Each structure stands twice: as structure tokens, then as C-alpha cells.
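> Sequence plus the predicted model coming up.
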Amino acid sequence: MAHAHPHPSPRVDRATDRRRLGIVLGLTCAYMVAEVVGGLWTGSLALLADAGHMLTDTGSLLLALGALWMSGLPPTTRHTWALARVEILAALVNGLFLWVVVVWLVWEAIERFGDPTDVLAGPMIGIAAGGLVVNGIALLVLRARSDEYEGRSLNLHGAWLHVAGDLLGSLGALGAGAVIWATGWTGADLVATLAIGALIVVSSWRLVREAVHVLLEGAPSDLDVSALIRGVLEVEGVDGVHDLHVWTITSGYSALSMHVTCAHGEPREMLLARVNRILRDRFGIEHTTIQIEPRIPPECDLPMTRPVQRIE
């Protein structure tokens, strides 16, 4: 049995990331409260819906901050993977809670279609415009880090995407306010509410699906397992692969275990190095546990020995 366990060493400036995320979290929380108050004051359900979407951003930013903090915690004898999957559990709870928010928004919108409520278009436009400004600042704060480390800092890039979606929500509320101000048609507020709710469902559905996939030990969504098997079988000296398992520990951190059979007399150390090299360079997997087994000639195979399964 051989192990290759070089835990990924993030090249990002974690202190800077925490500071930027903290700034954006403060801006988002403050304006979320402002939109709740403004929605209740103006009677705009679209503003309340946008505040609900900003709640999703708050959750994603907290997850990103928590992930940065968790990544620095050492493993223990009870938690040998440390607490990396707390991020995944929090994402699942956050996504399910968002569905409850959407159900409430849809229910309120249906009730208001039958009994329209007056909406103060002027204040609604002002509050939504303020949301655009706040979300624009948040995007500028996160953009440099997301662009610079895209593909490495998945949490930060995900937070950027959430804030970008919230900016669209503010734009929807602003558009609804403009329509009401120009035409007096309060139904625009309800249409914007349903559109923002749909945006929340789309983003939270992906969040829940990915969290459940990780908790069920599914293969990383960006990994072609068949291509990985073919790549390993192409390595010089590899005769077969079986008992392959590849899964995600937490966002951006994959692990693999498998048995590799080799021809009789093949140096195991060299074979292991070649296999680990292709796993790292071609598929980005650095945490591996690989058992090298010699191929048993048919005449020496015992009745109780399970034959090696070659995976094609």
C-alpha cells in the first residue's frame, strides 16, 4: 500500500481574502436590513424578495469565510479530515432554507394578485438604486480576487457569482419601481418578485444538488472518471485497475483510492510515481491512496482468490 498525501497548499492570500469577504458581508447585511425596512414601508414585495436574495448572499459569504477558517484547522483523532465538510452541511441547510423563503414569496405574490397593494414607487426606486450601488461596490471588492484565483479559490468565485446575482435582483426591483411610477401598474412589483424568486431557486438548486452529491461521496462533478481510468491504464507498467474510488472532501479538494496491478517484476516505486504524476498533472488529484499489486499468473491463481477486474 502506498500513499501520496500532499495536502493542497493554497496560494491565495487568506488574510486578504478574509478582509475582502468581511467588507462585502458587512455591506450585504446592512443593505439587506435596509431593504426589509424599505419593503415594509413602501409595500413592495419585490424589495422584500431582493432582501431574501441578499440573505442567500449572506449565507454564501459566511460559508466562504467559514471555509477559509476551517481550512486552517488541523485534523484530530476523531476528525481525521478536520472539519472540512462543515462547509458542505452549511451549504445544504442554507439551500433548503432558501426554498422556504421562495415558497413564502410565491404565496404572498399569489395573494396580492387577487388583492393588489399600493406601492410607493418613488421610495422603492431609491432603495433599489441604493442596492445597485452597494452590490456594485461588493463586486469591485471581490472581482480582483475572483479573477486572479479563478479555478483555485472556488469559495471566493462562488461568492462573486452570488453577489452578481443579487445585483440583478436589485435591477429587477428598480425596473418594477420604474414601471409602477410611469404607469401605475402595481402588478410589475409581483412580476419582479416571481422573477427574483426564480433566480433564488436556480442558484439554491445548484447549491443543494452539489452539497448532496458531495455528502453521497459522488465523484467530483468536473472529473471524467472514464478518462481518468483510461489515463491510468496508459501508464507504462500498469496492467489493470480495480476498486477505484474518487470523491470530494470539500470544495476544490478531491481524494482517490484504487488498486493497480502491474506486470511481474515491475518496480512498484517507479510505477507509483508514474501513476501519481498523471493523476496530479492531468486530473488535478494530489491526495491519493494506491495499492500496487503484482499480476497473478493464471496457473498460480488460488480458487478463493478474486480475479483482478480490468476497468475499461
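Alright, I've got the coordinates.
> which residues of the stretch 1-150 of the chain fall in strands?
2-4 (DSSP state E, counting those that start in this stretch).
> Low-confidence ranges, it, go.
1-15, 46, 50, 53, 56, 71-72, 114-117, 144-150 (pLDDT under 70).
> Which parts of the stretch 51-200 of the chain are helices?
Assigned by DSSP state H, counting those that start in this stretch, the helices in the stretch 51-200 of the chain fall at 86-114, 121-148, 154-183, 187-215.
> okay, the angle between the shortest one and helix 154-183?
Counting by axes from the mean of the first three to the mean of the last three Cα atoms, to 10 degrees, helix 121-148 points 160 degrees away from the direction of helix 154-183.
> And for the first one?
Computed by the same axes, to 10 degrees, the angle separating helix 86-114 from helix 154-183 equals 10 degrees.
> Just the endpoints, please. Distance across stretch 174-192?
Using Cα to Cα, to the nearest Å, the end-to-end distance of stretch 174-192 comes to 9 Å.
> average pLDDT for that stretch?
Mean pLDDT, stretch 174-192: 84.
> contact partners of that stretch?
With contacts defined as Cβ atoms under 8 Å, 6 or more residues apart in numbering, stretch 174-192 is touched by 44-46, 49, 109, 112-113, 116-119, 121-122, 124-125, 128-129, 131-132, 172-173. C-beta here means a position set from N, CA and C on the backbone, and glycine is covered the same way.
> Buried residues, that stretch. List them.
Residues 174, 175, 176, 177, 179, 180, 186, 188, 189, 190, 191, 192 are the ones in stretch 174-192 that count as buried (16 or more other Cβ atoms under 10 Å).
> Residues in contact with stretch 210-223: which ones?
85, 88-89, 91-92, 95, 225, 245-248, 250, 254, 283, 285.
> That stretch: end-to-end distance?
14 Å.
> Look up the pLDDT of residue 299 for me, please.
On the pLDDT scale, residue 299 is placed at 50.
> that older thread, show me how to select, in PyMOL, the buried members of the contacts of stretch 174-192.
Typed into PyMOL, the line below selects the buried ones among those, using 16+ other Cβ under 10 Å:
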select buried, resi 44+45+46+49+109+112+119+121+124+125+128+131+132+172+173
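> Check the spacing between the nearest residue to residue 118 once chain neighbours are set aside and residue 189 real quick.
Of all residues not flanking residue 118 in the chain, residue 43 sits nearest, at 5.9 Å (Cβ to Cβ, 6 or more residues apart in numbering). Noted for residue 43: a distance of 8 Å to residue 189, by Cβ to Cβ, to the nearest Å.
> Also residue 16?
As judged by Cβ to Cβ, residue 16 and residue 189 stand 40 Å apart.
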